[in-house]
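Asks: Any chance you could fold what I've pasted below:
(chains A and B)
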Amino acid sequence: MNPRQLGLLPILFISGALVVLVSFFYPETVLPKGLTYTLPAPFSYSYSYFPFLAAIVMSYFFARGFVSSHSVSLATLGVGSLVMGAGFLVPQIIVYLLPASANELTGISSLVFLFSGILFTVFSTLRLVTSDRTASRPIGLLVLGYAGGLVLVGLVTVSAASNILPPFFAPGKGPTLFREEVLAVSIVLYTYSSLVIMRSYLGTRDDILYWFSLGLAATALAFLGVLLGTFPGGPYSWLSRVSLVVGGFYFIAALRIAYKAVDSSRNIRATTA
Amino acid sequence: MTTADNRVKTGIPEFDEMLSGGFLERDAVMVAGTAGSGKTTLGLQYLVNGATKYGDAGIYLTFEQMPEQLYRDAKSFGWDLRALEEEDHLRVVCTSPDLILASGEGEGEGGENLLDSVIKEIHPRRIVIDSMSHFAMYVDNEKDLRRETYRLIMYLKTKGLSSLLLFEAPQLMGAVGSVTETGTSFLVDSILIMKPVEIESSMRKVLAVLKLRGSDHDKNLREYKITSSGVVLGSPFSDYEGLMSGSPRKLTRMAMAAERFSQPFTGKRKKD
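Replies: Sure, this is the predicted structure:
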């Protein structure tokens, strides 16, 4: 079994587990409430840190690639990765800094992931319908794009903290229909992007695309687990958390391939010099 | 002889690979390089390989060197130009740009007549003009130079010749428009740049394909060396950035990984 086939196993396991849960334990309220478990602080959000780090490193890598190639696709992916990373981190920062409610935290993460999904979709659609475009002033566009992404996350955070946003979570009732709609759209966008990138992989056979596509798919599965679940710390919730960590590993695998390729080409040059 | 998709091979395997198989037939290729960068060597190699490997006869039109000097220099690479001339695979034409330019005054006069007779004799497929910088010296202004260059290129194309036009460019930094300083680069189908760079206190040579009209090509900057057998291409300069700007910096492992990571998302795939 090669690494690519091996790498499919976790995502297949999570998908299978979700199917079993939905088949036998949906809605989650049919399960005993004692089945929930949440890690104590500061480990309670540790499953977010890993995908956050992977997303930020990817964002940096895309920025470097953009400065070198001027490819607008890379700028889009870079801002998308930055915003996705912010979606993992910002709610954790807010919960420590402010007396944030579940509504605010849910609102921030839902909207930020939606925006990152839109950016990945823009990249994927451009990839499908046009050839890659280049920017004439890469540094300016880079600063504008990355700063714009962070400003967007900041605006969402401030709006959520100021209760300007529609309710995402009702105490005692759970997520609102609006939140579920936003999450469902994010799932569709991430899945679409994952499929388009996998299609590119089938054309180029570049493993970086393969692992990046799986990373997006695992993140979409994590959102699906959140959408279907009811209780934080319940089986759906844990499946979602595992899926986030698996997604982080997939992104790291894509980054590792790049390093291996560099080392390999350096070794070849050293041998042939 | 050209390949099935009308490629004119240089006979330097790594270079042909860089050009996706070779130059396109009848293309006018500008080879811009600083003094001592190996333009003449590349030009001769293109003709010698054409004659010996692909059966293409060629003309070496020089405004710079006397034939004896050229025969001697070629001999140091193991190329016997006299023998190729005797076999009608090559003609070395040493003339003045005046004669080429004079033919513009009317048909049947001047330099093109000179080329016409050579073309009739050996039926060449390739030509190297060494150099367009000398040619430019005989033209009063840039507008006339563009017109004369255009006329010469069209003449070569109508005669079925795939040409290398050597051009000495003292400054090869920055934008494409500065390659020739005379604004003639838009007239040619392809542009090659040959440029020495200082890296870690030693002089190395960089070759880049700046333009290859109608064809994909390798955009990497490749190192090349002038060896006893001619121009030999090495690996891409993937460890460095800023080579063409004259300020090369060695890329860190992380920066190289970042570039490699990004490549497949732009639709390009780098060979590892």
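
Asks: Distance of A:Ala253 relative to chain B?
Replies: A:Ala253 sits 11 Å away from chain B when distances are taken as CB to the nearest CB, to the nearest Å. Where you see a C-beta, it was placed from the backbone N, CA and C, and this is true even at glycine.

Asks: which SS state does the residue nearest to that residue when sequence neighbours are not counted fall under?
Replies: Using CB to CB, 6 or more residues apart in numbering or on different chains and skipping the chain neighbours, the partner closest in space to A:Ala253 is A:Trp211 (4.2 Å). Of the three states, A:Trp211 takes helix under DSSP: H, G, I helix; E, B strand; the rest coil.

Asks: so how far is A:Ser186 from A:Trp211?
Replies: A:Trp211 sits 21 Å away from A:Ser186 when distances are taken as CB to CB, to the nearest Å.

Asks: Neighbour count: these two, which is higher?
Replies: Comparing A:Trp211 with A:Ser186 by neighbour count (other CB atoms under 10 Å in any protein chain shown), the higher total belongs to A:Ser186, at 28 against 23.

Asks: Over to the more buried one. Which of the three states is it?
Replies: The three-state assignment at A:Ser186 reads helix, by three-state DSSP.

Asks: Tell me where the stretch 1-150 of chain B has strands.
Replies: With DSSP state E, counting those that start in this stretch applied, the stretch 1-150 of chain B shows strands at B:7-8, B:23-24, B:28-33, B:58-62, B:90-94, B:126-130, listed in chain order.

Asks: relative to strand B:90-94, how tilted is the last one?
Replies: Which is strand B:126-130. Orientation of strand B:126-130 against strand B:90-94 (axes from the mean of the first three to the mean of the last three CA atoms, to 10 degrees) gives an angle of 20 degrees.

Asks: quick one: average confidence on strand B:126-130?
Replies: For strand B:126-130, mean pLDDT is 95.

Asks: buried set for that strand?
Replies: Taking 16 or more other CB atoms under 10 Å in any protein chain shown as the neighbour-count basis, strand B:126-130 is seen to contain the buried residues B:126-130.

Asks: Redo those residues as JSON lines? Include distance to B:Asn220.
Replies: Output for those, formatted as JSON lines (distance: CB to CB, whole Å):
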{"residue": "B:Arg126", "distance to B:Asn220": "26"}
{"residue": "B:Ile127", "distance to B:Asn220": "28"}
{"residue": "B:Val128", "distance to B:Asn220": "25"}
{"residue": "B:Ile129", "distance to B:Asn220": "27"}
{"residue": "B:Asp130", "distance to B:Asn220": "27"}
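
Asks: Can you add distance to chain A and give these back as TSV?
Replies: As requested, the buried residues of strand B:126-130 are arranged in TSV below (distance: CB to the nearest CB, whole Å):
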residue	distance to chain A
B:Arg126	31
B:Ile127	35
B:Val128	30
B:Ile129	33
B:Asp130	32
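
Asks: what's the closest of those residues to A:Phe231?
Replies: Out of the buried residues of strand B:126-130, the one with the shortest distance to A:Phe231 is B:Arg126. That distance is 77.5 Å, counting by CB to CB.

Asks: correct me, but that closest one touches B:Tyr46?
Replies: Yes. Look at B:Arg126 against B:Tyr46 with CB atoms under 8 Å: they come within range, at 6.5 Å.

Asks: shared neighbours of the two, anything?
Replies: Among the neighbours of B:Arg126, those also in contact with B:Tyr46 (CB atoms under 8 Å, 6 or more residues apart in numbering or on different chains) are B:58, B:164.

Asks: low-confidence ranges in the stretch 1-150 of chain A?
Replies: The model of the stretch 1-150 of chain A has pLDDT under 70 over residues A:41-42, A:44.

Asks: make it 90
Replies: Scanning the stretch 1-150 of chain A for pLDDT under 90 picks out A:1, A:25-50, A:65, A:67-72, A:91-106, A:126-139.

Asks: Quick check: which element contains A:Ala218?
Replies: In this assignment (DSSP states H and E), A:Ala218 forms part of helix A:207-228.

Asks: Export that helix to CSV, keeping only CA atoms.
Replies: Coordinates of the C-alpha atoms in helix A:207-228 are reproduced here as CSV (Å, rounded to 0.1, in the frame of the first residue of the first chain):
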residue,chain,number,x,y,z
ASP,A,207,1.2,14.7,-4.9
ILE,A,208,1.0,18.2,-3.3
LEU,A,209,-2.4,18.6,-5.0
TYR,A,210,-3.5,15.2,-3.7
TRP,A,211,-2.8,15.9,-0.1
PHE,A,212,-4.1,19.5,-0.2
SER,A,213,-7.3,18.2,-1.8
LEU,A,214,-7.7,15.6,1.0
GLY,A,215,-7.0,18.3,3.6
LEU,A,216,-9.9,20.3,2.3
ALA,A,217,-12.1,17.2,2.2
ALA,A,218,-11.3,16.3,5.8
THR,A,219,-12.1,19.9,6.8
ALA,A,220,-15.4,19.7,5.0
LEU,A,221,-16.2,16.4,6.8
ALA,A,222,-15.3,18.1,10.1
PHE,A,223,-17.9,20.8,9.3
LEU,A,224,-20.4,18.1,8.4
GLY,A,225,-19.9,16.5,11.8
VAL,A,226,-20.6,19.8,13.5
LEU,A,227,-23.7,20.3,11.3
LEU,A,228,-25.1,16.9,12.2
